[in-house]
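> please find the sequence and the predicted model below.
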Amino acid sequence: MRIVSEKLISGGYLILGTFSNNGPEMCSGLPVQQYSEEELTVTFSENFKKINCFTENHITPSGGSQNFLFCVFQRK
């Protein structure tokens, strides 16, 4: 959070995509970190205003489904 806050100009946008809390616990055999909209909002709230967040199901090549969370924030 500190690095993106330092590097992004005031009024700039941060677009972030990550596994949601409803996403997989593993991807390509590796453990993943899951996030909720609330967690990301709190994490970035000091320097960013949340514009929008939404979830999206991604169908993998093997036919599985992975739920992602995408959020757009604007630097204060």
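Sure thing, it's come through. Numbers count the residues shown, from 1 in each chain.

> where do the helices sit along this structure?
Assigned by DSSP state H, the helices in the chain fall at 2-7, 37-44.

> the shortest one: how far from the chain's middle?
By that I understand helix 2-7. 16 Å (Cα atoms, centre = their mean, to the nearest Å).

> output the contacting helices and strands for that helix.
For helix 2-7, there is no helix or strand it packs on, judged by 3 or more Cβ pairs under 8 Å, 6 or more residues apart in numbering; DSSP states H and E. For glycine as for every other residue, the C-beta is placed from the backbone atoms N, C-alpha and C.

> could I have the CA atoms of it written out in CSV?
Provided in CSV are the C-alpha atoms of helix 2-7 (Å, rounded to 0.1, in the frame of the first residue of the first chain):
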residue,chain,number,x,y,z
ARG,A,2,2.8,2.4,0.8
ILE,A,3,4.6,2.0,-2.5
VAL,A,4,1.4,2.5,-4.6
SER,A,5,0.5,5.5,-2.5
GLU,A,6,4.0,7.0,-3.1
LYS,A,7,4.1,6.3,-6.8
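
> circling back: between the helices of the chain, which gets the lowest average pLDDT?
Ranked by mean pLDDT, the helices of the chain bottom out at helix 2-7, with a mean of 93.

> give me the number of residues near residue 10?
8 (other Cβ atoms under 10 Å).

> look up the closest residue to it, ignoring the ones flanking it.
residue 75 (5.4 Å; Cβ to Cβ, 6 or more residues apart in numbering).

> who is that neighbour paired with across the strands?
Residue 75 has these beta-bridge partners by DSSP bridges: residue 48.

> any idea which of the helices of the chain is most buried?
helix 37-44 (a mean of 15; mean count of other Cβ atoms under 10 Å).
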